[in-house]
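Student: Quick one: sequence plus predicted model below, questions after.
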Amino acid sequence: MSTIIPPETLPEPTWMPWPLYRMSLEKYEAMVDSGIFTPRDRLHLINGLLVAKMTQNNPHCTADDLCGVALNGVIPAGWYVRAAKPVRLPPDSMPEPDRAVVRGTIRDYAHRYPGPSDVGLIVEVSDSSLRGDRNQAEVYARSGIAVYWIVNLVDGQVEVYSSPSSSGYSSRVDFLAGQNVPVVIDGVQVGIIAVDEILP
């Protein structure tokens, strides 16, 4: 069984081993589908590299569940909310965001992963992972994910990224406690969610 060593227990590196091994999306999928990687390994593929998924603390879990309930209350017919499941982003990423609003029904993905054209909104809940989740915006933007939210528990706000391009999102709007976040799916505002409704 593999072991992931927490970064704080490692000495400060003076050099980075090179080259790092880059894994193709297809190879990663094959390893997941064959059971070589299992949910216990807590990995996902980002920019062709295996990345350890963060353990969720209580505030993170609470915000994630509140966000799921709130989204389910406004998502229109023809869409549903997936929790912590893979999204296939060619050419080299398969993250597992906290929430993804995807087109269709649960059974539509019995034999495939949702891709960029299936995804209306991705949500990450962030505390200790805030810096990484902000960097992750570039991965989502490059793949054409129209709207990306970061539920930022550090600053008590929801960051909404939109207008994706190959160089990142060109728009970021922060919504603070007491404000409402517009829920935009497929270019249409389908409802609003109060920031206070999804903060723990």
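Tutor: Perfect, I can see it now. Numbering: from 1, shown residues only.
Student: Helices along the chain, start to end?
Tutor: 25-33, 58-72, 130-142, 195-198 (DSSP state H).
Student: Out of these, the one nearest residue 150 is which?
Tutor: The stretch from these with the least distance to residue 150 (Cβ to Cβ) is helix 130-142; that distance is 5.3 Å. Any C-beta I mention is one placed from the backbone N, CA and C, and that applies to glycine too.
Student: what's the closest one in contact with?
Tutor: By Cβ atoms under 8 Å, 6 or more residues apart in numbering, the residues outside helix 130-142 that reach it are 46-47, 89, 93, 95, 122, 124, 126, 148, 150, 152, 154, 159, 161, 164-169.
Student: Type out the ChimeraX command that picks the buried ones from the residues you listed.
Tutor: What follows is the ChimeraX syntax selecting those of these that are buried according to 16 or more other Cβ atoms under 10 Å:
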select :46,47,89,93,95,122,124,126,148,150,152,159,161,164,168,169
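Student: Format the helices of the chain as a markdown table; extra columns: distance to residue 177 and mean neighbour count.
Tutor: Output for the helices of the chain, formatted as a markdown table (distance: least, Cβ to Cβ, whole Å; neighbours: other Cβ atoms under 10 Å):
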| stretch | distance to residue 177 | mean neighbour count |
| --- | --- | --- |
| helix 25-33 | 38 | 15 |
| helix 58-72 | 13 | 17 |
| helix 130-142 | 17 | 18 |
| helix 195-198 | 5 | 17 |
